[in-house]
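S.K.: What follows is a predicted structure for the sequence shown.
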Amino acid sequence: MRRKESREDGSQEVKTDTREKLANVEVGLSPEMKSTGESAAIAPTLEEALYKGLLSARKKYLHMDDIHLYLSLSEHSRDEIADILLSFPENSLTLSAEEETAHHLQQKGLQVQALKSADRIESGIRNGQFNIFVNISTSARDQERNEFNLRRTALEFGLEVMTSPDSLKAFSLIKNSGITDAPVKELFSSIGTA
């Protein structure tokens, strides 16, 4: 997700991708290759603008009660992602990751289920165990290929795929604000559109 703050209120632009706008698009394309535009939102606060932008980009996870993330993180992104995960309301997420990432996040105070094999991870994607796949790429070649295959599977099975810490941070801001509990019409009425 790319965020642009263009005013002192909560003006935001949110990237949208092809599978949210067009049917039957090749799932082999990575999320980075699918950007087809942006949705924009203006609201009195950053959190409301993010919520409106993500809602108009059809992000289903905004209203999920049971949120289970699978985390595939590069070594250099683990501390940043741990800080973001710790900012979510307590008990609002279930986390799983491959062993090395899980161990690192556990040392930061997070409860994370460690998964040992790519087959078990793919099986979790296919059977609906996860609903959001957070993939901050690594630089190792065979790991890249494995991550590509997992991203492809996640997209095929309708999971939200986040490839930037900013996407997770925006979600945290929204969850902490309680804005998802507000009636949608009330939010959109602040700019005169329902």
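M.R.: Sure, I can see it.
S.K.: Could you pull out the buried residues of stretch 71-84?
M.R.: Leu71, Ser72, Leu73, Ser74, Ser77, Arg78, Ile81, Ala82, Ile84 (16 or more other C-beta atoms under 10 Å). No exception for glycine: its C-beta is placed from N, CA and C like everyone else's.
S.K.: what's the closest of those to Ser123?
M.R.: Closest approach to Ser123 among the buried residues of stretch 71-84 (C-beta to C-beta): Ser72, at 15.0 Å.
S.K.: my read: the closest one touches Val134, true?
M.R.: Yes. Assessed by C-beta atoms under 8 Å, Ser72 is found in contact with Val134 at 7.0 Å.
S.K.: what about the strands in the chain?
M.R.: 12-17, 35-41, 67-73, 93-98, 112-115, 132-136, 160-162 (DSSP state E).
S.K.: Reformat those strands into TSV and put distance to Arg58 next to each item.
M.R.: Putting those into TSV (distance: least, C-beta to C-beta, whole Å) gives the following:
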stretch	distance to Arg58
strand 12-17	8
strand 35-41	9
strand 67-73	17
strand 93-98	21
strand 112-115	28
strand 132-136	14
strand 160-162	10
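S.K.: of all the ones you listed, which lies closest to Ala170?
M.R.: Counting by C-beta to C-beta, Ala170 lies closest to strand 12-17 out of the strands of the chain; the figure is 8.2 Å.
S.K.: what mean pLDDT would you report for the closest one?
M.R.: Mean pLDDT, computed over strand 12-17, is 59.
S.K.: likewise stretch 85-105?
M.R.: On average, stretch 85-105 scores 93.
S.K.: residues in contact with that stretch?
M.R.: Residues from elsewhere that reach stretch 85-105 (C-beta atoms under 8 Å, 6 or more residues apart in numbering): 66-73, 78, 81-82, 108-116, 121, 124, 129-130, 168-169, 172, 175-176.
S.K.: Among those residues, the buried ones, what's the ChimeraX command?
M.R.: Buried subset of those, written as a ChimeraX selection, criterion 16+ other C-beta under 10 Å:
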select :67,68,69,70,71,72,73,78,81,82,110,112,115,121,124,129,130,168,169,172,175
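S.K.: what's the neighbour count on the closest residue to Leu55 other than its chain neighbours?
M.R.: By the measure of C-beta to C-beta, 6 or more residues apart in numbering, the closest residue to Leu55 outside its immediate chain neighbours is Leu62, 6.1 Å from it. Leu62: 18 surrounding residues under other C-beta atoms under 10 Å.
S.K.: Relative to Phe157, how far out is Ser72?
M.R.: For Ser72, the distance to Phe157 (C-beta to C-beta, to the nearest Å) stands at 15 Å.
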